[in-house]
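>>> sequence and predicted structure below; questions after.
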Amino acid sequence: MRQRRLMNQINVVPYIDVMLVLLVIFMVTAPMIQSGSVNLPSVDKVPAPPTDAMVVQVKPDGELTLRATSNATEKPLNRKDLIGAVQAAVSANPGQSVIIAADKSVKYEQVMNTLNDLRNAGVNKVGLQTQIGQSAR
C-alpha cells in the first residue's frame with residue numbers, strides 16, 4: 001500500500017473568508033461611530049518669555065560682581081548694592097533667575113552666604129554654575 005504524501009501548503013481560503021466578514025462589519029459600523037468634541041481650557045494670561053539669567057560672580061578675595069544680561073559687562077558691587085540690584089530685577093520680573101558663579105578656590109561659606117542673601121532678597125530661581133571640561137586636580 002502506498003503512503004499518502006503530506007500536504008505542505010496552508011489553506012488560506014478560511015482566512016480570506018474571515019477577513020472579508022471583518023471588513024464588512026467595520027464598513028457597516030464605521031458610519032455609526034459618533035465623533036466627540038474636546039473642550040479646551042482657555043488661558044487668561046500668557047507667561048512671559050524666559051529672560052537671561054543674572055550672573056553673580058564670587059571672586060576668591062570675596063569681591064562680588066553682577067552681570068545683568070549675557071551681553072552686559074560685570075559691575076563690581078558690595079553685598080548691599082547687589083541685593084538692591086537683584087531685588088529691583090525681581091520686582092520687575094518675578095520669574096528672574098540668578099546664577100552664582102564661583103572659582104574653586106572660593107570658600108564654601110562665601111558662596112552659601114551669597115545664596116542665602118539672594119533667597120532673602122526674594123529670588124526663587126537660584127542656580128550654581130559649574131565648569132565643564134576641566135579635569136580635577
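Ah, there it is. Numbers count the residues shown, from 1 in each chain.
>>> top helix in this protein by residue count?
When the chain is parsed with DSSP state H, its longest helix is helix 13-29.
>>> need the CA coordinates for that one. PDB is fine.
This file holds the C-alpha atoms of helix 13-29, laid out as PDB (Å, rounded to 0.1, in the frame of the first residue of the first chain):
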ATOM      1  CA  VAL A  13      -9.400  30.300   1.900                       C
ATOM      2  CA  PRO A  14     -10.900  30.200   5.500                       C
ATOM      3  CA  TYR A  15      -8.600  33.200   6.500                       C
ATOM      4  CA  ILE A  16      -9.800  35.200   3.500                       C
ATOM      5  CA  ASP A  17     -13.400  34.500   4.400                       C
ATOM      6  CA  VAL A  18     -12.800  35.700   8.000                       C
ATOM      7  CA  MET A  19     -11.100  38.900   6.700                       C
ATOM      8  CA  LEU A  20     -14.000  39.600   4.400                       C
ATOM      9  CA  VAL A  21     -16.500  39.200   7.200                       C
ATOM     10  CA  LEU A  22     -14.500  41.600   9.400                       C
ATOM     11  CA  LEU A  23     -14.200  44.100   6.600                       C
ATOM     12  CA  VAL A  24     -18.000  44.100   6.100                       C
ATOM     13  CA  ILE A  25     -18.500  44.500   9.900                       C
ATOM     14  CA  PHE A  26     -16.100  47.500  10.000                       C
ATOM     15  CA  MET A  27     -17.700  49.100   6.900                       C
ATOM     16  CA  VAL A  28     -21.200  48.800   8.400                       C
ATOM     17  CA  THR A  29     -20.200  50.100  11.900                       C
END
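>>> tell me the buried residues in it?
The neighbour-count check on helix 13-29 (16 or more other Cβ atoms under 10 Å) flags nothing as buried. C-beta: built from backbone N, CA, C; applies to glycine.
>>> tell me the mean pLDDT for that helix?
The predicted model gives helix 13-29 an average pLDDT of 94.
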